[in-house]
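*Asks:* A predicted structure for the sequence below; I have some questions about it.
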Amino acid sequence: MNTAKTSSPSGPWSRLAGAFPFAHLRAYTNWRLRHKFFFIFLIVIILPFSLLIYYSYSSTRSTITEHTYTALGGSLAQINTNVEKRLEYYNQLSNILYMDAQLRNYLSTDYEQAYYYLDAFQYINRTLPSLMTLNANILGITIYTGNHTLYSDGQYVKYTEELPRAMEEQVLDAAGNTVYFHSGNFKADDAHITIARSLSYFSLQHPYGILTMDINANEFYSLIKMENDNKSVYIVDEFGGVISTGDQNLQSNQLFDVFPIQERMTQDAGSFDMKINGQERFFTYKKLSNGWSTVITVPYDELLANANQATKNVIWFSMLAIGIAILLLYFTTKVMTKRIEVLLQQIRKVERGDFRLSIKPMGHDEIGQVSFAFNKMAATIQSLIHDVYVKEIARKESELNTLQAQINPHFLYNTLSSISSLAIKEGAMQVYQMVNYLAKYYRVSLNKGKRIILLEQEINLVKNYVAIQKIRFRDKLHMHYDLDEQLFGNTTIKLILQPFIENCINHAIGDESGININVKLGREGNDILLQVIDDGIGMTPEQLDRALNKSDALSGYGVKNVDDRIKLTYGEEYGVSIFSRLGIGTAVTIRIPVISDRHPANERDPQQALP
């Protein structure tokens with residue numbers, strides 16, 4: 001074989017090889033592993049099964065569609081046959097009255113005196129009700145007559161003038177043949193179909209009355225309701241008015257308003273496709289002998305539901321076959337993919353958080369390079385987790401513990417008790433009061449080492465602190481409280497209000513007139529709002545910025561420390577916001593979530609309340 005000739009630059013095989021690298025079979029062993037698997041999978045599995053699925057779907061769709069068209073045609077013919085039989089049945093009933101010579105004599109006779117027509121009414125009241133009794137779907141039978149010497153009972157006998165003019169003209173033009181009408185609203189409780197004909201058995205030119213027979217529309221609905229599975233069936237008149245249908249969701253009494261198909265229904269029977277409101281639908285229709293039509297429509301999505309299901313089954317079986325083929329391919333290539341398996345095991349160890357890898361050198365090809373890079377990456381991740389993640393968590397926990405740590409000087413209670421007793425003994429009542437308030441203040445603030453207290457306890461802590469300061473500032477400090485006591489049962493971290501009261505007292509009292517401080521507690525949605533509003537000297541924008549970003553701007557706790565404690569406890573959406581204007585005052589708003597806690601450990605301690 002002359003290989004030099006076939007690999008000539010001017011040969012077609014060379015150009016094909018240049019366009020498709022897979023044509024170089026000698027270079028097969030140098031392909032990347034994913035190229036090898038992709039090529040085998042595409043040629044051996046995917047391509048044949050894809051062609052099979054496409055062929056199966058096309059043939060199945062064509063076969064099922066053809067069978068569905070045939071089934072719809074059979075349903076349409078059966079519905080028309082049933083409707084024709086019912087109409088013919090009632091037409092035969094009307095023939096009984098149409099050819100009744102005795103009835104004709106009674107309707108044609110001129111009655112000179114009233115009692116002469118008693119026989120006529122006895123006959124009519126015997127004949128018509130008996131027909132209605134034998135046929136429960138007949139709602140009423142009426143004879144309209146122009147003989148005014150015959151008394152009208154308003155039920156079985158009425159005068160022709162009471163018949164709608166349009167109906168009368170159609171009936172007379174039919175010259176004794178049956179004419180069909182319907183009530184117009186197929187959804188109405190009294191929906192019915194009217195069969196009418198002129199009583200002109202002996203003289204077509206001179207009818208002696210008009211017979212009408214009202215039939216319950218449910219009579220015809222019962223003929224089509226069983227045919228509404230995955231399709232819609234309509235019986236319409238020649239103008240598209242809906243007489244009966246199983247589609248109870250139809251919003252109009254005119255079918256042509258919903259489906260503009262009037263121009264397509266020019267023959268006695270037929271079928272066609274039409275796209276309506278973006279949905280492809282199939283229509284088939286057939287006219288009845290009285291001019292009405294039966295229409296069946298079905299969306300193509302439902303029409304092809306069986307085809308789609310069959311295609312899904314083919315796809316599932318194909319996927320199963322592909323899965324089996326993949327398993328065979330897996331076992332045949334397991335030897336050369338051993339290193340990939342080892343690398344995958346190490347990747348899964350890292351995924352579970354185990355960074356103790358035991359990857360041995362795997363060479364210098366792609367897999368070896370990936371294993372080396374992965375080993376290095378795992379070591380880097382482990383180092384980052386240890387140096388950044390773990391340390392950051394430890395720092396946060398330390399910061400939280402530092403912010404929440406409370407001084408617990410047990411000797412403080414004994415000392416304050418001794419001072420209080422000494423003050424009473426010496427008669428220093430102000431000293432006694434200040435020490436008493438201070439003891440209550442520390443009882444709440446220390447709270448047996450707990451950092452979570454009730455809002456009622458936080459308010460009492462503020463009141464105890466203010467009581468101490470009032471002794472100091474006397475008439476300069478004016479406190480106002482607007483508190484929703486229904487929120488007292490909710491919890492909060494302690495010491496979030498007192499630092500702002502202390503700031504107002506230390507920095508906002510400007511002259512002898514003193515300061516007004518308003519403490520508010522309310523609810524906004526699922527949040528609780530605590531507000532401290534004063535009419536002190538206020539702050540400039542620069543001072544406000546420093547207060548929001550430095551921990552030493554307020555009391556020992558500071559705005560930022562309180563804000564950090566709230567955020568660390570409840571989340572970033574909660575915290576402190578401040579509005580201030582120089583010379584006007586400052587408003588501090590603290591937002592925390594609604595958290596109710598009625599545990600006995602958090603119930604009110606009577607010793608913590610103000611006397």
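*Replies:* It's in. Numbering: from 1, shown residues only.

*Asks:* so residue 431, which state does it fall into?
*Replies:* Here residue 431 is helix, with the state taken from DSSP: H, G, I helix; E, B strand; the rest coil.

*Asks:* that one reaches residue 419, doesn't it?
*Replies:* Yes. With contact defined as C-beta atoms under 8 Å, residue 431 reaches residue 419; the gap is 7.3 Å. Backbone N, C-alpha and C define where each C-beta goes, glycine included.

*Asks:* in stretch 365-384, what counts as buried?
*Replies:* Residues of stretch 365-384 classed as buried: 367, 371, 374-375, 378, 382 (neighbour count, 16 or more other C-beta atoms under 10 Å).

*Asks:* no no, stretch 89-103
*Replies:* Those buried within stretch 89-103 under the rule 16+ other C-beta under 10 Å are 90-91, 93-94, 97-98, 100, 103.

*Asks:* do the same with stretch 40-49
*Replies:* 45, 49.

*Asks:* one more: stretch 189-198?
*Replies:* Under the neighbour-count criterion of 16+ other C-beta under 10 Å, stretch 189-198 has 191-198 buried.

*Asks:* from the residues you listed, which ones fall inside strands?
*Replies:* 192-198 (DSSP state E).

*Asks:* which one of those residues is nearest residue 561?
*Replies:* The shortest approach to residue 561 among these belongs to residue 192, at 84.1 Å (C-beta to C-beta).

*Asks:* in TSV, list the buried residues of stretch 189-198 along with distance to residue 162 and pLDDT.
*Replies:* Listed next are those as TSV, based on distance: C-beta to C-beta, whole Å; pLDDT from 0 to 100:
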residue	distance to residue 162	pLDDT
191	21	87
192	17	88
193	20	89
194	14	90
195	18	90
196	13	91
197	17	89
198	16	89
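
*Asks:* ok, which stretches of the stretch 201-350 of the chain are helices?
*Replies:* 218-224, 255-258, 300-303, 305-332, 338-351 (DSSP state H, counting those that start in this stretch).

*Asks:* residue 53 contacts residue 311, correct?
*Replies:* Yes. Using C-beta under 8 Å, residue 53 is in contact with residue 311, at 7.3 Å.

*Asks:* those two: which has the busier surroundings?
*Replies:* Shown here are residue 53 and residue 311; by other C-beta atoms under 10 Å, residue 311 has more neighbours (19 against 16).

*Asks:* pLDDT wise, what is the closest residue to that one other than its chain neighbours at?
*Replies:* Spatial nearest neighbour of residue 311, excluding adjacent residues (C-beta to C-beta, 6 or more residues apart in numbering): residue 57 at 4.4 Å. pLDDT, residue 57: 74.

*Asks:* and the gap between residue 57 and residue 304?
*Replies:* 10 Å (C-beta to C-beta, to the nearest Å).

*Asks:* give me the more crowded residue out of these two.
*Replies:* residue 304 (20 against 17).

*Asks:* now do the same contact list for the more buried one.
*Replies:* Counting by C-beta atoms under 8 Å, 6 or more residues apart in numbering, residue 304 touches 61, 64-65.

*Asks:* please apply the same query to residue 244.
*Replies:* 186, 191, 217, 220-221, 224, 234-235.

*Asks:* I'd like those residues as a markdown table, with distance to residue 152 appended.
*Replies:* Converted to a markdown table, the contacts of residue 244 look like this (distance: C-beta to C-beta, whole Å):
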| residue | distance to residue 152 |
| --- | --- |
| 186 | 31 |
| 191 | 26 |
| 217 | 27 |
| 220 | 30 |
| 221 | 33 |
| 224 | 37 |
| 234 | 38 |
| 235 | 33 |
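
*Asks:* which one of these sits closest to residue 595?
*Replies:* When the contacts of residue 244 are compared for distance to residue 595 (C-beta to C-beta), residue 186 wins out at 60.1 Å.

*Asks:* all the helices of the stretch 401-550 of the chain, in order from the start?
*Replies:* Secondary structure of the stretch 401-550 of the chain (DSSP H, counting those that start in this stretch): helices located at 410-426, 429-446, 455-473, 498-507, 541-549.

*Asks:* thinking again about what came up before, would JSON lines of the ones in strands among the buried residues of stretch 189-198 with distance to residue 41 be doable?
*Replies:* Output for those, formatted as JSON lines (distance: C-beta to C-beta, whole Å):
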{"residue": "192", "distance to residue 41": "68"}
{"residue": "193", "distance to residue 41": "66"}
{"residue": "194", "distance to residue 41": "71"}
{"residue": "195", "distance to residue 41": "71"}
{"residue": "196", "distance to residue 41": "75"}
{"residue": "197", "distance to residue 41": "77"}
{"residue": "198", "distance to residue 41": "81"}
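
*Asks:* how close does the residue lying farthest from the centre of the chain get to residue 232?
*Replies:* Going by C-alpha atoms, centre = their mean, the residue of the chain most distant from its centre is residue 112, 76.9 Å out. Distance, residue 112 to residue 232, using C-beta to C-beta: 59 Å.

*Asks:* residue closest to the middle of the protein?
*Replies:* residue 249 (22.2 Å).

*Asks:* quick one: that one and residue 309, what's the gap?
*Replies:* Distance from residue 249 to residue 309, by C-beta to C-beta: 25 Å.

*Asks:* and residue 274, by the same measure?
*Replies:* From residue 274 across to residue 309, the span is 25 Å (C-beta to C-beta).

*Asks:* okay, now the unreliable bits of the stretch 251-400 of the chain?
*Replies:* 306-307, 329-330, 332-337, 355, 358-359, 362-363, 389-400 (pLDDT under 70).

*Asks:* go again with 50.
*Replies:* Along the stretch 251-400 of the chain, the model assigns pLDDT under 50 to no residue.

*Asks:* what of the chain?
*Replies:* Checking the chain against pLDDT under 50 turns up 1-23, 405-411, 551-557, 598-611.

*Asks:* longest helix in it, please.
*Replies:* Counting residues, the longest helix found in the chain (DSSP state H) is helix 47-98.

*Asks:* what sits against the residue nearest to residue 275 when sequence neighbours are not counted?
*Replies:* What sits nearest to residue 275 in space, not counting adjacent residues and going by C-beta to C-beta, 6+ apart, is residue 281, at 7.4 Å. Residue 281 makes contacts with 259, 273-275, 297-300, as judged by C-beta under 8 Å, 6+ apart.

*Asks:* can you flag the buried ones in these?
*Replies:* If we count by 16+ other C-beta under 10 Å, the contacts of residue 281 have these buried: 259, 297-299.

*Asks:* now render those as CSV, adding distance to residue 567.
*Replies:* Compiled in CSV, those are given as follows (distance: C-beta to C-beta, whole Å):
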residue, distance to residue 567
259, 62
297, 63
298, 61
299, 56
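
*Asks:* from those, which is closest to residue 171?
*Replies:* Of these, the one sitting nearest to residue 171 (C-beta to C-beta) turns out to be residue 259, at 30.7 Å.

*Asks:* the closest one against residue 277, yeah?
*Replies:* No. Using C-beta under 8 Å, residue 259 is not in contact with residue 277, being 9.7 Å away.

*Asks:* isn't residue 458 up against residue 494?
*Replies:* Yes. Judged on C-beta under 8 Å, residue 458 makes contact with residue 494 at a distance of 6.2 Å.

*Asks:* host element of residue 353?
*Replies:* Counting by DSSP states H and E, there is no helix or strand that carries residue 353.

*Asks:* how about it, phi and psi?
*Replies:* Here is the backbone geometry of residue 353 (degrees, to the nearest 10): phi 90, psi 10.

*Asks:* residues near it, how many?
*Replies:* When neighbours are counted by other C-beta under 10 Å, residue 353 registers 8.

*Asks:* swap in residue 254?
*Replies:* 16.

*Asks:* which strand residues bridge it?
*Replies:* residue 241 (DSSP bridges).

*Asks:* show me the contacts for it.
*Replies:* Residue 254 makes contact with 239-242, according to C-beta under 8 Å, 6+ apart.

*Asks:* buried among these? Need that as a selection in PyMOL.
*Replies:* A single PyMOL command selects the buried members of the contacts of residue 254 (16+ other C-beta under 10 Å):
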select buried, resi 240+241+242
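
*Asks:* could you dump the contacts of residue 254 to TSV with distance to residue 77?
*Replies:* Below are the contacts of residue 254 laid out as TSV (distance: C-beta to C-beta, whole Å):
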residue	distance to residue 77
239	24
240	22
241	23
242	21
